[in-house]
Each structure stands twice: as structure tokens, then as C-alpha cells.
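*Asks:* coords please:
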Amino acid sequence: MTTSATTQKTVQAYHQARFAGDVTAAAAQLAGTFTFQSPLISSGDTTGHLAGLTGFLQIVTGVEMISELYGESEATLVYDVHTATPVGVQRTAEHFRLRDGRIESITLIFDATRWHPIMAAAAPQR
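*Replies:* Residues are numbered from 1 along each chain as shown. Okay, here's the model as predicted:
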């Protein structure tokens, strides 16, 4: 059973490691069975989820936490991601589900409209 203190410790450790670029420490907070969903990408495992982290962090100039909500087996973070892109600041909500003290799913929620031209420009040309 997960407690809200465990949930908070786990989610904060993951969040800090991810934005520090520490893939190993971020992965250590994820469950063996893990899923990720966002408006732009989804993944059914830890490796796929963290594969693009280094590239993403190259455009991040800062993260400003707005709200943190913790329960026994879920948490929600709301924060602004400051980027060195035409998007500028991206308001983001991130919902976590935990089992046995590890994160088993993350749902990232944001308006992806301004990201579509950037993703299209970065995609390999056929």
C-alpha cells in the first residue's frame, strides 16, 4: 500500500530527476509495468518514455511549479515549462498513478497546438 508521503517522495524524486536529465534516477521511480500518454507521444514502457528526455531538455530553460496534489496512490503536478522555442511557456498538468510506491502511469496534459509545427519541422524528411 502506498501512503501520500510515499507518493509525494516518489513523484518529487521522479520530477526532479527528469528535469535534471538523470534518466537512471527517473527510471528508478517507475514500475516495471508502466505507461505514458501525452498529446504528442505515448509509450508502453520505461525505455520508450525516457528515450527522448535528453533532446527535450535541450530546449527547456526552466520549470516553475504551480501546484502539487498528493493522495495515497495518485498525484497531480501543475507547472510551467519554459522553453527556448516559439512555444515559450507551456502550462502543463501531469497526473501520476502509483502502485506499491512506484509510478505505473503518467498522463501529461497540455495544449499541443503550438508544438505541431515544431514537431513537423523536426521529423525526418521522406
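*Asks:* a strand runs through A120, doesn't it?
*Replies:* No - counting by DSSP: H, G, I helix; E, B strand; the rest coil, one finds A120 to be helix, located in no strand.
*Asks:* need the contact list for it.
*Replies:* Counting by Cβ atoms under 8 Å, 6 or more residues apart in numbering, A120 makes contact with nothing. The way it works is simple: take the backbone N, C-alpha and C, and place the C-beta from them, glycine included.
*Asks:* Just the CA trace of the lowest-mean-pLDDT helix or strand in the chain, in PDB.
*Replies:* When each helix and strand of the chain is scored by mean pLDDT, DSSP states H and E, helix 116-122 comes last, with a mean of 80. Below are the C-alpha coordinates for helix 116-122, written out as PDB (Å, rounded to 0.1, in the frame of the first residue of the first chain):
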ATOM      1  CA  HIS A 116       2.700  20.700 -34.100                       C
ATOM      2  CA  PRO A 117       4.800  22.900 -36.500                       C
ATOM      3  CA  ILE A 118       7.900  22.300 -34.400                       C
ATOM      4  CA  MET A 119       7.400  18.500 -34.400                       C
ATOM      5  CA  ALA A 120       6.800  18.600 -38.200                       C
ATOM      6  CA  ALA A 121      10.000  20.600 -38.800                       C
ATOM      7  CA  ALA A 122      12.000  18.100 -36.600                       C
END
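*Asks:* packing partners for the longest helix anywhere in the chain?
*Replies:* Across the chain, the longest stretch assigned as helix under DSSP state H is helix 4-20. If you count contacts as 3 or more Cβ pairs under 8 Å, 6 or more residues apart in numbering; DSSP states H and E, helix 4-20 packs onto helix 23-27, strand 60-70, strand 74-83, strand 89-99, strand 102-109.
*Asks:* for it, what is the average pLDDT?
*Replies:* Per-residue pLDDT values across helix 4-20 average out to 96.
*Asks:* Direction-wise, compare that helix with strand 74-83 and give the angle.
*Replies:* Counting by axes from the mean of the first three to the mean of the last three Cα atoms, to 10 degrees, helix 4-20 lies at 20 degrees to strand 74-83.
*Asks:* Please consider this matter closed, and thank you.
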